[in-house]
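Peer 1: no FASTA, just this:
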């Protein structure tokens, strides 16, 4: 489960804990670093949580990256229900 808020402030949280050191050439410890760097540079709140930790490291990482991509797509879409409203509780973006 991934939540994205493009509100201009940084936060990153995840409950991901690697169970293997690598998946092919990808160092699993880089997963947290990768997503934290994106959150910092994009000034977004990003939360990635595994509802079921699973037992296949490749599938766990795949789920995190795909979930992030879908959450980003949704965060960037225009909500037709509020297309004439400023999409912020702070009054600015």
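Peer 2: Yep, it's here. Keep in mind the model is a prediction, meaning the values are calculated, not measured.

Peer 1: Quick check, residue 1 in contact with residue 68.
Peer 2: No: taking Cβ atoms under 8 Å as the definition, residue 1 is not a contact partner of residue 68, at 10.7 Å. Glycine gets a C-beta too; all of them are placed from N, C-alpha and C.

Peer 1: Comparing those two, which residue is more hemmed in?
Peer 2: Higher neighbour count among residue 1 and residue 68: residue 68, with 17 against 11, using other Cβ atoms under 10 Å.

Peer 1: so where's the protein uncertain?
Peer 2: Under the criterion pLDDT under 70, the flagged ranges of the chain are 87-93.

Peer 1: list the residues that contact both of residue 1 and residue 68?
Peer 2: Common contacts of residue 1 and residue 68 (Cβ atoms under 8 Å, 6 or more residues apart in numbering): residue 48.

Peer 1: roughly how far apart are the residue lying farthest from the centre of the chain and residue 10?
Peer 2: Distance to the chain centre peaks in the chain at residue 84, reaching 26.9 Å (criterion: Cα atoms, centre = their mean). Distance from residue 84 to residue 10, counting by Cβ to Cβ, to the nearest Å: 29 Å.

Peer 1: swap in residue 72?
Peer 2: Residue 72 is 15 Å from residue 10, by Cβ to Cβ.

Peer 1: Same question for residue 2.
Peer 2: Here the criterion is Cβ to Cβ. By it, residue 2 lies 16 Å from residue 10.

Peer 1: which one of the two has more residues nearby?
Peer 2: Legend: neighbour count by other Cβ under 10 Å for residue 2 and residue 10, higher for residue 2 (21 against 15).
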